[in-house]
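J.: what's the 3D shape of this:
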Amino acid sequence: MYADHDPIVAFLGLGLISGSLAGALKRGNWSADLIAWGPRAPSLERGLALGLIDRFSLDLPTVVAEADVIVIGAPPEATVQLLPEVLDLALASGEPVVTDMASIKGVIVEAAGTSYPRFVPGHPIAGSENSGIGAAYPELFDGREVILTPSGATDTLALNTVERLWTTAGAHITHMSVADHDAALAASSHVPHMVAYALTSMLANHALSPMQHGGGALRDMTRIAASDPLMWRDIAMTNRDAILTAMDAMAQEHDHLRTLIAEADGDAIETLFARCRAVRRQHDDILNPLTLEPEQTD
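T.: A predicted model of the protein is given here:
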């Protein structure tokens, strides 16, 4: 599919992730037009002015009818609401490839149903605490992982097309089941955000205002608390069960560490810290894929 030419790509919703993907395709000399739709014009106009897209429309059927590939760039709840309409339009418009970028896959796949084999669920493991089209940058996906969760009914050529989209953007591809994706991301991404929110809330409520005395550790631990509240509310609600399971596991580790500190068990504390240090350093190639950052301390 599209072996002899680049397909026209339509972005439904233009923000940090979708805008960065558009910019990455432009950087990769994608030869076909990149178009966009959204419910309001300002972000689309900004994307056009930045050179990320070639044109846009506020009319969804027009954009779907023109596209070869449709990328839904919306928070999980908005994707759930938009996806059935997009697939209905796609069935009547030449059946383009459709993919999404939401960080939850269970509710997305459920909303899609099983009647459109050219839908390829996806999730780029990349982002920023900043949001909006103005924060987009083409290098966002360089060296990063994109997880696709195709089913046995997913059209092979559609899957290949979505893989080509992301490899052109500089990413590498992993395939997972929907359930494994949601459980793994709850532990690796969603719970870290919940921890950052809880820590930031504690600091905000502290009588001594300790945040004004923060250094590198506090910067690193609270950076993601500045993320888009709407998107993370959606994630907390739509991946609730997996997040609660991972939060319970985190609470057990927290309670264990608290016990070691309360008992002044220095040897056990050092052993735990050394193990965690080793685990973190073993994953530098994943967490710092382009440049290994020097260790920073306060």
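
J.: number of nearby residues for residue 251?
T.: 10 (other C-beta atoms under 10 Å). All C-beta atoms are positioned from the backbone trio N, CA, C, and that covers glycine.

J.: from what I see, residue 239 and residue 182 are in contact.
T.: Yes: counting by C-beta atoms under 8 Å, residue 182 is a contact partner of residue 239 at 5.5 Å.

J.: shared neighbours of those two, anything?
T.: Taking C-beta atoms under 8 Å, 6 or more residues apart in numbering as the contact rule, residue 239 and residue 182 both touch 104, 106.

J.: against residue 288, how distant is residue 281?
T.: 10 Å (C-beta to C-beta, to the nearest Å).

J.: tell me which element residue 230 falls in.
T.: Secondary structure from DSSP states H and E places residue 230 in helix 229-238.

J.: would you map the helices across the stretch 151-298 of the chain?
T.: Listed in chain order, the helices of the stretch 151-298 of the chain (DSSP state H, counting those that start in this stretch) span 156-168, 178-185, 191-205, 216-222, 229-238, 240-262, 266-282, 284-287.

J.: next, format those helices as CSV and append mean pLDDT and distance to residue 123.
T.: Conversion of those to CSV gives the following (pLDDT from 0 to 100; distance: least, C-beta to C-beta, whole Å):
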stretch, mean pLDDT, distance to residue 123
helix 156-168, 97, 11
helix 178-185, 96, 7
helix 191-205, 96, 15
helix 216-222, 92, 23
helix 229-238, 91, 11
helix 240-262, 97, 14
helix 266-282, 96, 23
helix 284-287, 83, 16
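
J.: tabulate those helices (a markdown table), appending distance to residue 147.
T.: Shown next, in a markdown table, are the helices of the stretch 151-298 of the chain (distance: least, C-beta to C-beta, whole Å):
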| stretch | distance to residue 147 |
| --- | --- |
| helix 156-168 | 10 |
| helix 178-185 | 6 |
| helix 191-205 | 17 |
| helix 216-222 | 24 |
| helix 229-238 | 15 |
| helix 240-262 | 14 |
| helix 266-282 | 21 |
| helix 284-287 | 13 |
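
J.: of these, which is nearest residue 141?
T.: helix 156-168 (7.0 Å; C-beta to C-beta).
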